[in-house]
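*Asks:* give the three-dimensional model of this entry:
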Amino acid sequence: MSDKIMTIKEVAVLLKIKEKTAYRLVAEGKIPGFKVGGSWRFDRQDLENWIKMKKADNVKR
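*Replies:* The predicted model follows:
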């Protein structure tokens, strides 16, 4: 289960962005995440689905 839920740091590494950018994107609702005790957490499957959607959107353009 632990590898299914990711921290902001792990998401930043996965997306190859800075942590600050990851915080901004999740706060703006641009990437899927949820808060646990004031800290952002991410479901890996939700992120993978989000990435697939973004890739599909780019192909349509």
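
*Asks:* quick check, Val26 in contact with Gly33.
*Replies:* Yes - taking contacts as C-beta atoms under 8 Å, Val26 lies within contact range of Gly33: 4.2 Å. Glycine gets a C-beta too; all of them are placed from N, C-alpha and C.

*Asks:* which residues are common contacts for those two?
*Replies:* Residues touching both Val26 and Gly33 (C-beta atoms under 8 Å, 6 or more residues apart in numbering): Val11, Trp40, Phe42.

*Asks:* so which of these are in helices?
*Replies:* Val11 (DSSP state H).

*Asks:* secondary structure element holding Leu47?
*Replies:* helix 44-60 (DSSP states H and E).

*Asks:* what does that helix rub up against?
*Replies:* Contacts for helix 44-60 (C-beta under 8 Å, 6+ apart): Asp3, Lys4, Ile5, Met6, Val11, Leu14, Ile31, Pro32.

*Asks:* wait, what's in contact with the third one?
*Replies:* This means Ile5. Ile5 is in contact with Arg41, Phe42, Asp43, Arg44, counting by C-beta under 8 Å, 6+ apart.

*Asks:* which of those are buried?
*Replies:* The neighbour count (16 or more other C-beta atoms under 10 Å) marks Arg41, Phe42 as buried among these.

*Asks:* next, the buried residues of the lowest-mean-pLDDT helix or strand in the chain.
*Replies:* In the chain, the helix or strand scored least confidently by mean pLDDT, DSSP states H and E is helix 44-60, which has a mean of 91. With burial defined by 16+ other C-beta under 10 Å, the residues of helix 44-60 counted as buried are Leu47, Trp50.

*Asks:* mind giving me the ChimeraX select for the contacts of helix 44-60, buried ones only?
*Replies:* Command for ChimeraX that selects the buried part of the contacts of helix 44-60, burial taken from 16+ other C-beta under 10 Å:
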select :6,11,31
